[in-house]
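Visitor: only geometry, no sequence info:
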């Protein structure tokens with residue numbers, strides 16, 4: 001007996017509703033972004049979509065007087081007005097512009113809600129049939145559809161709901177709503193023997209909500225203050241969100257996997273709804289293991305030990321509350337994982353606070369924005385792989401610089417110790433020559449190592465031992481090589497300046513060879529670090545060696561830096577021989593099984609990522 005609302009009227013009411021409500025969920029933000037409307041005074045509101053499965057608002061202004069409800073169809077259907085037969089149900093479909101009934105069918109674009117999910121089969125058929133829809137898909141824009149067909153007799157939702165058990169008012173409502181939304185998850189995770197008789201669903205159904213109203217304002221809370229869902233609701237339309245995974249999202253997940261980063265989905269939504277998306281992203285296999293999907297209710301019943309095992313093994317964790325999200329992140333950190341949490345809602349804040357790094361989108365809630373370490377100005381996660389790679393390059397470059405600097409410090413300290421023990425009063429090279437050694441083997445190589453550092457996975461658990469694995473053998477053997485050169489060339493002439501010059505030659509040659517070991521260009525040079533394959537380091541070392549040789553022949557530099565050519569050919573032979581022996585010896589030491597085991601590294605692994613920690 002109530003008049004049918006035309007499409008423009010439905011759009012106006014929906015737009016006013018979402019613009020008058022706090023955009024605390026992705027759904028409300030997307031509706032607000034894509035539906036025009038005005039902010040109106042709200043008489044009463046109940047924002048309970050996440051917990052109870054419905055949200056409602058009451059307007060008191062004359063042109064929109066009434067109570068309007070958005071909720072899950074299975075929860076709202078028992079509360080629809082009894083006289084409303086299926087054939088009288090009004091639904092509104094927003095479809096692509098250019099169809100036959102252009103005045104009633106127009107585009108409704110959701111730009112972010114389905115960004116990380118796939119497009120349903122029906123949507124793919126629409127895209128294939130409609131060139132306008134294909135253009136929209138190319139641009140990464142979701143074309144959502146609200147059906148408007150008075151002759152449609154399709155039920156609002158398919159769910160095993162008994163009307164006698166359906167009320168979701170009071171304190172029982174939250175449990176009833178969660179039972180309805182967990183029903184599919186229980187069926188999907190039941191014993192395989194009981195599934196043989198059931199026909200598997202071809203794909204996860206697209207998210208669907210029902211929009212309904214009561215013409216007169218009604219109370220949304222009872223006398224005790226518990227929310228109560230209005231009765232005698234008049235169904236207006238269904239909101240169906242067609243979802244798909246965009247190619248760049250799949251590429252992002254693949255990049256993370258190759259970098260040794262494991263992705264876990266923490267959500268308050270139904271975990272079974274995220275299963276298909278996780279499969280397409282390559283996070284789980286076609287036949288997911290039971291332990292890869294966990295619900296919050298299951299976690300609540302576990303002991304501490306079972307909880308830790310479930311968290312470490314699961315990929316999809318759904319139906320979580322805010323406390324469980326934070327507990328999951330803290331558990332991962334106890335297992336020495338480096339955790340980055342991407343969140344945008346209030347219930348993500350505990351997990352973001354517990355993570356090593358928290359990231360949020362610009363459109364996130366104020367609480368999430370205040371907690372985030374990084375805020376992405378674009379509504380996309382595509383930048384995260386770039387952030388990861390840039391961060392890896394920075395840290396890998398710093399580690400390489402530390403290796404050559406600590407090695408130089410190490411062999412200098414050892415030489416000073418030898419001087420103290422032997423009573424030698426003159427250091428093995430002149431301080432001015434020491435500046436030349438540092439310039440050619442540390443300062444200039446530092447620039448190249450910084451510019452050409454690799455985006456390899458970082459050693460997490462063995463970072464200190466890997467640094468020691470490189471520095472200690474290199475420092476000890478370079479100190480020993482210095483002593484050998486000084487002992488061989490020094491007694492020949494008993495000429496201290498000559499032996500200092502020879503030591504300078506030797507340390508520069510060995511120091512340049514050490515740079516090649518820092519970034520191994522070929523398999524032969526793999527020993528102190530994993531294979532990089534970057535031959536620019538070799539070119540830089542060769543150019544530095546030629547520059548050093550040239551400097552020794554310029555009269556001005558000879559006078560300034562106490563440099564010059566060696567007097568005898570056998571002096572050059574000694575330096576070459578010591579450098580070759582040092583190269584073979586240090587490579588042998590680095591490759592020794594015992595040292596590799598202690599450092600947690602398999603340096604000769606040909607894989608670019610080697611066995612680096614995650």
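Guide: Looks like it came in fine. The structure displayed is predicted, hence computed values, not measured ones.

Visitor: Give the residue spans of the stretch 401-550 of the chain that score low on pLDDT.
Guide: Residues of the stretch 401-550 of the chain meeting the criterion pLDDT under 70: 457-462, 492-495.

Visitor: so where do the helices sit in it?
Guide: 431-438, 444-451, 463-493, 496-518, 536-551 (DSSP state H, counting those that start in this stretch).

Visitor: so which of these is the most packed in?
Guide: Highest mean neighbour count among the helices of the stretch 401-550 of the chain (mean count of other CB atoms under 10 Å): helix 496-518, with a mean of 23. From N, CA and C alone the C-beta is placed, and that goes for glycine too.

Visitor: Which elements pack onto that helix?
Guide: Packed against helix 496-518 by the contact rule (3 or more CB pairs under 8 Å, 6 or more residues apart in numbering; DSSP states H and E) you find helix 383-422, helix 431-438, helix 444-451, helix 463-493, helix 536-551, helix 569-590.

Visitor: Can you mark which positions in the longest one are buried?
Guide: Of the residues in helix 383-422, those with enough neighbours to count as buried (16 or more other CB atoms under 10 Å) are 384-385, 388, 392-393, 395-397, 399-401, 403-404, 406-408, 410-412, 414-415, 418.

Visitor: Can you tell me, leaving aside adjacent residues, what's nearest to residue 564?
Guide: residue 558 (4.8 Å; CB to CB, 6 or more residues apart in numbering).

Visitor: What lies in contact with the helix or strand hosting the one you found?
Guide: Of the helices and strands defined by DSSP states H and E, residue 558 is found in helix 555-561. Contacts to helix 555-561, defined as CB atoms under 8 Å, 6 or more residues apart in numbering, come from residues 432, 433, 435, 436, 551, 552, 563, 564.

Visitor: give me that answer again for 6 Å
Guide: Counting by CB atoms under 6 Å, 6 or more residues apart in numbering, helix 555-561 makes contact with 432, 436, 551, 563, 564, all of which sit outside it.

Visitor: now swap in stretch 291-304 and tell me
Guide: Stretch 291-304 is touched from outside by 185, 271, 284, 307, 310, 313-320, 324, with contacts defined as CB under 6 Å, 6+ apart.

Visitor: Restricted to strands, list these.
Guide: Among the contacts of stretch 291-304, the residues falling in strands (DSSP state E) are 316, 317, 318.

Visitor: Put together JSON lines for those, with neighbour count on each row.
Guide: Converted to JSON lines, the ones in strands among the contacts of stretch 291-304 look like this (neighbours: other CB atoms under 10 Å):
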{"residue": "316", "neighbour count": "22"}
{"residue": "317", "neighbour count": "24"}
{"residue": "318", "neighbour count": "25"}
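
Visitor: For residue 330, state which of those residues is nearest.
Guide: The shortest distance between residue 330 and any of the ones in strands among the contacts of stretch 291-304, using CB to CB, involves residue 317 and amounts to 13.8 Å.

Visitor: And the pLDDT for residue 353?
Guide: The pLDDT attached to residue 353 in the predicted structure is 94.

Visitor: Equivalent analysis for the one 10 residues further on, please.
Guide: Turning to residue 363, the model gives it a pLDDT of 76.

Visitor: Determine the three-state secondary structure at it.
Guide: Put simply, residue 363 is coil when judged by DSSP: H, G, I helix; E, B strand; the rest coil.

Visitor: and the closest residue to it other than its chain neighbours, how many neighbours does it have?
Guide: Distance criterion CB to CB, 6+ apart; nearest residue to residue 363, sequence neighbours excluded, is residue 29 at 5.7 Å. The number of residues packed around residue 29, counting by other CB atoms under 10 Å, is 22.

Visitor: Surely residue 29 is within a helix?
Guide: Yes. Residue 29 forms part of a helix when assessed by three-state DSSP.

Visitor: Please report how far it lies from residue 320.
Guide: For residue 29, the distance to residue 320 equals 20 Å [CB to CB, to the nearest Å].

Visitor: follow-up on the earlier one: of the contacts of stretch 291-304, closest to residue 247?
Guide: residue 284 (19.3 Å).

Visitor: for the protein, which spans come out with low pLDDT?
Guide: Along the chain, the parts satisfying pLDDT under 70 run over 1-3, 23-26, 50, 83-206, 242-243, 286-288, 457-462, 492-495, 594-614.

Visitor: CSV for the helices of the stretch 401-550 of the chain, including distance to residue 261?
Guide: Written out in CSV, the entries for these read as follows (distance: least, CB to CB, whole Å):
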stretch, distance to residue 261
helix 431-438, 37
helix 444-451, 23
helix 463-493, 17
helix 496-518, 25
helix 536-551, 27
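
Visitor: do you know which of these lies nearest residue 570?
Guide: Across those, residue 570 has its closest neighbour in helix 463-493 (8.4 Å, CB to CB).

Visitor: Off-centre distance for the closest one?
Guide: Remark: helix 463-493 is offset 43 Å from the chain centroid, using CA atoms, centre = their mean, to the nearest Å.

Visitor: Please name every helix or strand in contact with it.
Guide: Based on contacts counted as 3 or more CB pairs under 6 Å, 6 or more residues apart in numbering; DSSP states H and E, the elements that helix 463-493 packs against are helix 383-422, helix 496-518, helix 569-590, helix 593-599.

Visitor: Please list all residues in contact with residue 323.
Guide: When contacts are taken as CB under 6 Å, 6+ apart, residue 323 is in contact with no other residue.

Visitor: Could you check how far it is from residue 300?
Guide: Per CB to CB, residue 323 is found 10 Å from residue 300.

Visitor: With residue 282 instead?
Guide: Spatial separation of residue 282 from residue 300 under the definition CB to CB is 30 Å.

Visitor: Ok, residue 220 next?
Guide: Residue 220 sits 29 Å away from residue 300, taking CB to CB as the criterion.

Visitor: between those two, who's got more neighbours?
Guide: Using other CB under 10 Å, the more surrounded residue of residue 220 and residue 300 is residue 220, with 22 against 13.

Visitor: Without its sequence neighbours, what residue ends up closest to the more buried one?
Guide: In space, not counting the residues next to it along the chain, residue 220 is nearest to residue 46; the distance is 4.4 Å by CB to CB, 6+ apart.

Visitor: and the helix or strand that the one you found is a member of, which residues are buried?
Guide: Secondary structure from DSSP H and E places residue 46 in strand 42-48. Residues of strand 42-48 classed as buried under the neighbour-count rule (16+ other CB under 10 Å) are 45, 46, 47, 48.

Visitor: follow-up on the earlier one: please tell me I have it right and the residue nearest to residue 220 contacts residue 56.
Guide: Yes. Residue 46 sits in contact with residue 56 when judged by CB atoms under 6 Å, with a separation of 5.0 Å.

Visitor: tell me, what's touching the two both at once?
Guide: Residues touching both residue 46 and residue 56 (CB under 6 Å, 6+ apart) are residue 220.

Visitor: quick revisit: want to try a markdown table for the helices and strands packed on helix 496-518, with distance to residue 60 as columns?
Guide: Supplementary listing: those in a markdown table, determined by distance: least, CB to CB, whole Å:
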| stretch | distance to residue 60 |
| --- | --- |
| helix 383-422 | 45 |
| helix 431-438 | 79 |
| helix 444-451 | 65 |
| helix 463-493 | 63 |
| helix 536-551 | 71 |
| helix 569-590 | 78 |
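
Visitor: Ok, which of these comes nearest residue 360?
Guide: Closest approach to residue 360 among the helices and strands packed on helix 496-518 (CB to CB): helix 383-422, 12.2 Å.

Visitor: Could you list the buried residues of stretch 64-79?
Guide: Under the neighbour-count criterion of 16+ other CB under 10 Å, stretch 64-79 has 64, 66-79 buried.

Visitor: Which of these sits closest to residue 354?
Guide: Compare each of these with residue 354 using CB to CB and the shortest gap goes to residue 72, at 30.5 Å.

Visitor: Find the nearest non-adjacent residue to the closest one, please.
Guide: residue 53 (4.4 Å).

Visitor: Kindly report the same for residue 340.
Guide: Among residues not flanking residue 340 along the chain, residue 357 sits closest, at 4.4 Å (CB to CB, 6+ apart).

Visitor: Could you do residue 531 as well?
Guide: residue 520 (5.2 Å).
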